[in-house]
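Visitor: Show me the folded form of this:
(one chain, ligands or ions: 2)
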Amino acid sequence: KSIFKGRDFISLHDFSQDELSCILDVARELKEEQKAGRPHPVLQGKTLGMIFTKSSTRTRVSFEVGMYQLGGHALFLSGRDIQLGRGETIADTARVLSRMVDGIMIRTFSHQEVLDLAEFSSIPIINGLTDLLHPCQVLADLMTIQEHKGRLAGLKLAYIGDGNNMAHSLMYGGAKMGLHVVIASPPGYKPDPVVVAMAQADAKANGGSVEVVDDPLEAVKGADVLYTDVWASMGQEAEAKVRMAAFEGYQINSDVLKRADRSAIVLHCLPAHRGEEITDEVIEGVQSVVFDEAENRLHAQKAIMAVVM
Ligand code: CP
Ligand code: NVA
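Guide: Numbers count the residues shown, from 1 in each chain. Ligands and ions are numbered 1, 2, ... in the order given. So this is what the prediction gives:
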């Protein structure tokens, strides 16, 4: 596992299929240890700084609990309370924290800020969500799909909705693991073409495919995995009304679900807006695995921390 030590976890694009498989194996092992009640303090004495300039339930709790279960300690650093919020630079923050903690998890708006933090830090930086990417979530998603479907390569994953951070990381992660990823988004809300092109190149090298379409019904046809996310992400609250109109028809409901494979599973990173991107009936239905998925944030991120720290 030493090939990972000291590395940043900022984008799934930075990791090979073998490396992601290896982290998923570690996640499975750590989950088994935790379920069996066997202590696994592989990060004893280590400390993680967690910078948040956006809200969080899952990310915050899973990193903090995960670090505790690994024998270490996590510090919650709200962007409002640390000097970063009063104008101290990312470069200075990076160098100071590097002298005190063993790793940093950051959730923020600008992806560039995370890249800058990594440039000036001498410790691993873990991306806990930016406007561009959400790699920790997708690692947990891949783990969940593997648990329910027994494999990853060759499966069709249909994502319905905004071409946002979730869509981007699903394309990167899916491409690396040999999935066939189809993104259905309305005009004006398509994923970043640079990310699409990079994911398509990754897919080609790993036996998968990445496609962007308009029609949600075309995307879900025969899909093994259905995925959606909110229509307005954190920071887009002012656009919510306009988006609500633009995304009409881009909903996972029982009619849409019927067109997928009969044994398809439904994922959502949560929090969900029931009645918008997904119906209550589907998210509470038998094909939904959203709470297994949420739990796997804990196991997947413990694996990330264990290997890079
Ligand atoms: N899915 C996810 O990242 O949830 P939080 O915003 O609650 O961390
Ligand atoms: N796209 C959502 C994901 C939340 C986990 C957001 O960025 O707000």
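
Visitor: only C-alpha atoms for contact and neighbour calcs from this point on.
Guide: Fine.

Visitor: Give me the helices and strands touching the helix or strand hosting Met166, please.
Guide: Using DSSP states H and E, Met166 falls within helix 165-176. Under the contact criterion of 3 or more C-alpha pairs under 8 Å, 6 or more residues apart in numbering; DSSP states H and E, helix 165-176 touches helix 135-149, strand 180-184, helix 193-206, strand 209-213.

Visitor: Let me have the ones you listed in CSV, extended by mean neighbour count.
Guide: Output for the helices and strands packed on helix 165-176, formatted as CSV (neighbours: other C-alpha atoms under 10 Å):
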stretch, mean neighbour count
helix 135-149, 22
strand 180-184, 27
helix 193-206, 18
strand 209-213, 20
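
Visitor: could those go into CSV alongside distance to Pro271?
Guide: Putting the helices and strands packed on helix 165-176 into CSV (distance: least, C-alpha to C-alpha, whole Å) gives the following:
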stretch, distance to Pro271
helix 135-149, 12
strand 180-184, 20
helix 193-206, 24
strand 209-213, 24
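
Visitor: low-scoring stretches of the chain, by residue?
Guide: Within the chain, the stretches with pLDDT under 70 are 1.

Visitor: can you map out the strands along the stretch 201-309 of the chain?
Guide: 209-213, 225-228, 265-268 (DSSP state E, counting those that start in this stretch).

Visitor: which stretch among those comes nearest ligand 1?
Guide: Checking these against ligand 1 by C-alpha to the nearest ligand atom gives strand 265-268 as the closest, at 8.0 Å.

Visitor: ok, is stretch 189-209 in contact with ligand 2 or not?
Guide: No: contact of stretch 189-209 with ligand 2 (C-alpha under 6 Å from any ligand atom) is absent, the minimum separation being 12.1 Å.

Visitor: Get me the contact residues on the stretch 201-309 of the chain for ligand 1.
Guide: Cys269, Leu270.

Visitor: repeat for the stretch 51-200 of the chain
Guide: Residues of the stretch 51-200 of the chain lying near ligand 1 (C-alpha under 6 Å from any ligand atom): Ser56, Thr57, Arg58, Thr59, Arg60.

Visitor: So which of these belong to helices?
Guide: Counting by DSSP state H, these place Arg58, Thr59, Arg60 in helices.

Visitor: Distance-wise, check Gln34 relative to ligand 2.
Guide: For Gln34, the distance to ligand 2 equals 25 Å [C-alpha to the nearest ligand atom, to the nearest Å].

Visitor: check which helix or strand covers that residue.
Guide: Assigned by DSSP H and E, Gln34 belongs to helix 17-36.

Visitor: For that helix, list every residue counted as buried.
Guide: Gln17, Glu19, Leu20, Ser21, Ile23, Leu24, Val26, Ala27, Arg28, Leu30, Lys31 (16 or more other C-alpha atoms under 10 Å).

Visitor: who does it touch, helix- and strand-wise?
Guide: Packing partners of helix 17-36 (3+ C-alpha pairs under 8 Å, 6+ apart): helix 135-149, helix 290-308.

Visitor: repeat that with 6 Å
Guide: Secondary-structure packing of helix 17-36 (3 or more C-alpha pairs under 6 Å, 6 or more residues apart in numbering; DSSP states H and E): helix 290-308.

Visitor: Show me which residues of the stretch 51-200 of the chain sit near ligand 2.
Guide: Asn165, Met166.

Visitor: Ile126 should be in a strand, yeah?
Guide: Yes: under DSSP: H, G, I helix; E, B strand; the rest coil, Ile126 sits within a strand.

Visitor: For it, give the beta-bridge partners.
Guide: Beta bridges link Ile126 to Phe9, Met105 when assigned by DSSP bridges.

Visitor: show me what contacts it?
Guide: Neighbouring residues of Ile126 by C-alpha atoms under 6 Å, 6 or more residues apart in numbering: Asp8, Phe9, Ile10, Met105.

Visitor: among the residues of the stretch 51-200 of the chain next to ligand 1, which ones are buried?
Guide: Buried among those (16+ other C-alpha under 10 Å): Arg58, Thr59, Arg60.

Visitor: can I get those in CSV with distance to Gly178?
Guide: Below are these laid out as CSV (distance: C-alpha to C-alpha, whole Å):
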residue, distance to Gly178
Arg58, 27
Thr59, 26
Arg60, 30
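
Visitor: ok, back up a step: can you tell me which of the buried residues of helix 17-36 comes closest to Asp255?
Guide: Comparing the buried residues of helix 17-36 against Asp255 with C-alpha to C-alpha places Leu24 closest, at 33.1 Å.

Visitor: Skip the chain neighbours and tell me the closest residue to that closest one.
Guide: Met143 (6.4 Å; C-alpha to C-alpha, 6 or more residues apart in numbering).

Visitor: Asp131 now?
Guide: Closest residue to Asp131 apart from its sequence neighbours, by C-alpha to C-alpha, 6+ apart: Phe109 at 5.2 Å.
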